[in-house]
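here is the input, now give the coordinates:
(one chain, ligands or ions: 1)
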Amino acid sequence: MQDWQRSVIYQIYPKSFYSHGGQATGDLLGVVDKLDYLHWLGVDYLWLTPFLRSPQRDNGYDISDYYAIDPSYGTMADCELLITEASKRGIKLMLDIVVNHTSIEHPWFQAARSSLDNPYRDFYIWRDQPNNWESKFGGSAWEYEAQTGQYYLHLFDHTQADLNWDNPQVRAEVFKMMRFWRDKGVGGFRLDVINLISKPADFPDDHTDGRRFYTDGPNVHRYLQEMHREVFEGFDLINVGEMSSTSLEHCVRYSCPASRELSMTFNFHHLKVDYPNLQKWVRADFDFLELKRILSDWQVGMQAGDGWNALFWCNHDQPRVVSRFGDDGEYREPSAKMLATALHFLQGTPFVYQGEELGMSNPGFEHIEQYRDVETLNIYRLKRNAGVSEAEAMAPIMQKSRDNGRTPMQWNAGPNAGFSRAEPWIGVPANAAFINVEQQQQDPTSVLHYYRQLIALRRSEALIQDGVYRLLLPEHPHVWAYLREGQGERLLVVSHFYGGDCEVELPEGILTDSTKQRWVIGNYEAGEHRYRRLRLRPYESFVLHLSD
Ligand code: GLC
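Predicted structure coming up:
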């Protein structure tokens, strides 16, 4: 095991984290201001979503200059200060690298679009005729450029043009840029939708949206090995690849040390359990058995192949987990702690997304005017143009919009939740009055203190890193129970995913009279469990260390 495999990563969405300058959006100095808090929490790395220069059409995932800080976030000096101050506290910074595409305002694209024979033309992907692929943000994946009479590919918004990775000059520019940031002292990279960078040369039409052709595409492993050689080899750097619609087999290849590609991978299969027939924009409950099955398959499969999972419930593209798989009303606290327990004892590297450690919930915005996200606004427009009623269009948006996870971090009960002096760029949920850092730091039973304990346990309980994962009771409709087994010892992790009481009978041989027990953590009072038959309270979760 390498040291980073015991670490916990905290994700910051700087726009909504803390505004040092007091303006409507957060900034880098705001992160510096909060480093003591993050150090107290115990995290090892900070992944900041993009703060490089960008027209902010997709909140920074549309970069127009890879070497400059967006003025809304501060200056290069602020960034250097952040790296230095974080490292004084033993914390490393992870930069978000967006290189599947650039903003169309990037000078490369500006040059490329100017004429057919411009040297930068081949930095992007152009065709005389579009194929039928769809953009992940709705509509066609191709945009017509009148000046040169061709279409360019954009798998996301039409202002995010896909780079042509088959062009060696593109790869050389990307690696050069990554070395620049490496030399500035960042400790790692998060690679945005990195499994989409390699497209098939013939761009075939599809009977669905085209993703099967460009996901984990023909040369992706080769390009990532090249990146490893050019940027990572010989340096103490970690990286996590964001993998869109990927497969277990590919993630093993991306992340097993023998491949020399990446440290670990994010995948999203477990977050599609409330997408009926893979449709996101439909309001639906989540399928618990499917959730348990998917997470278990990935534990077993990645372990078998020597891969490494990035573990997460939340990020800036997802609704809040307590609203999604827990209960953001009466049982908010126990369900937030239960979800944290279920995740933090898995093998991999846990990511905590700002505010998750407080049990922050979806804000419940009812009107489209309250939303800011380009994906949400695109979908709303497409639905309304297709004749869908206001109420029907809003129902899935309230449940699934990415803005659910983008509201300001709730620091205290004061104005704007202590996030900024000016009115924030997006609304602050009313529950900031009672869900906030200041209050939870003072309360040792809070969700926040619980996360702090979980983060510390990752270093002290060796089985969390290397124990073999075994799912118990796969068919139980309410409880996820699993073991992490080592030589003569194991962790038993039991999590009840629903309100109400529930009975569960563990398989024979796990809790016997002679088993030695040590309480590790739980969201109700500590206690012994002597019997196979357990009675679980609403959202109850606990972990026992068992030895022969
Ligand atoms: C990733 C980012 C998301 C962004 C998209 C396009 O999925 O997490 O926020 O919109 O890539 O860059």
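
ok, the residue in the stretch 1-150 of the chain positioned nearest to the ligand - contacts?
Closest to the ligand within the stretch 1-150 of the chain is Y61: 3.4 Å, counting by Cβ to the nearest ligand atom. Just so you know, the C-beta spots here come from the backbone N, C-alpha and C atoms, and that holds for glycine as well. Contacts of Y61 were listed using Cβ atoms under 8 Å, 6 or more residues apart in numbering, and they are T49, P50, S54, V98, F156, Q160, D192.

count residues in the vicinity of Q279, would you?
10 (other Cβ atoms under 10 Å).

got a list of what it touches?
By Cβ under 8 Å, 6+ apart, Q279 has no neighbours at all.

let me know the pLDDT of it.
Q279 is assigned 94 on the pLDDT scale.

touching, V428 and T407? I think so.
Yes - V428 is within contact range of T407, at 6.3 Å (criterion: Cβ atoms under 8 Å).

neighbour-wise, which of these two wins?
T407 (26 against 21).

just checking, that one touches G427?
Yes - counting by Cβ under 8 Å, G427 is a contact partner of T407 at 6.5 Å.

which residues do the two both contact?
Joint contacts of T407 and G427 (Cβ under 8 Å, 6+ apart) are P363.

what sits in contact with each of V428 and T407?
P363.

quick one, domains of the protein?
Per the record, the chain has its domains at 3-102+168-181+242-368+405-457, 107-160, 369-400, 464-547, by automatic domain parsing.

what is the end-to-end distance of the second one?
Domain 107-160 stretches 13 Å from its first residue to its last (Cα to Cα, to the nearest Å).

neighbouring contacts of stretch 161-168?
Contacts of stretch 161-168 (Cβ under 8 Å, 6+ apart): 99-104, 109, 122-125, 143, 152-155, 170-171, 174, 196-199, 201, 219, 223.

endpoints of that stretch, how far apart?
End to end - Cα to Cα - stretch 161-168 spans 18 Å.

what separates that stretch from the chain centre, distance-wise?
25 Å (Cα atoms, centre = their mean, to the nearest Å).

how about that stretch: buried residues?
For stretch 161-168, the neighbour count (16 or more other Cβ atoms under 10 Å) marks A161, D162, L163, N164, W165, D166, N167 as buried.

what's the helix or strand for the fifth one?
By that I understand W165. Using DSSP states H and E, no element contains W165; it sits outside every helix and strand.

so who does the closest residue to it other than its chain neighbours touch?
Distances taken as Cβ to Cβ, 6 or more residues apart in numbering put I197 closest to W165, at 4.5 Å, once the chain neighbours are dropped. For I197, the contacting residues are V99, N100, L163, W165, G217, V220, Y223, by Cβ under 8 Å, 6+ apart.

kindly report the same for N100.
L155, D162, L163, D192, V193, I194, L196, I197.

looking at those, which are in strands?
D162 (DSSP state E).

in JSON lines, list the contacts of N100 along with distance to the ligand and pLDDT.
As requested, these are exported to JSON lines (distance: Cβ to the nearest ligand atom, whole Å; pLDDT from 0 to 100):
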{"residue": "L155", "distance to the ligand": "8", "pLDDT": "98"}
{"residue": "D162", "distance to the ligand": "10", "pLDDT": "98"}
{"residue": "L163", "distance to the ligand": "12", "pLDDT": "98"}
{"residue": "D192", "distance to the ligand": "5", "pLDDT": "98"}
{"residue": "V193", "distance to the ligand": "5", "pLDDT": "98"}
{"residue": "I194", "distance to the ligand": "10", "pLDDT": "98"}
{"residue": "L196", "distance to the ligand": "9", "pLDDT": "98"}
{"residue": "I197", "distance to the ligand": "12", "pLDDT": "98"}
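
for the contacts of N100, which one is nearest E261?
Relative to E261, the closest of those is I194; by Cβ to Cβ it sits at 9.6 Å.

skipping adjacent residues, who's closest to that closest one in space?
Nearest one to I194, counting by Cβ to Cβ, 6+ apart, is G241 at 4.4 Å.

tell me which helix or strand the one you found sits in.
strand 238-242.
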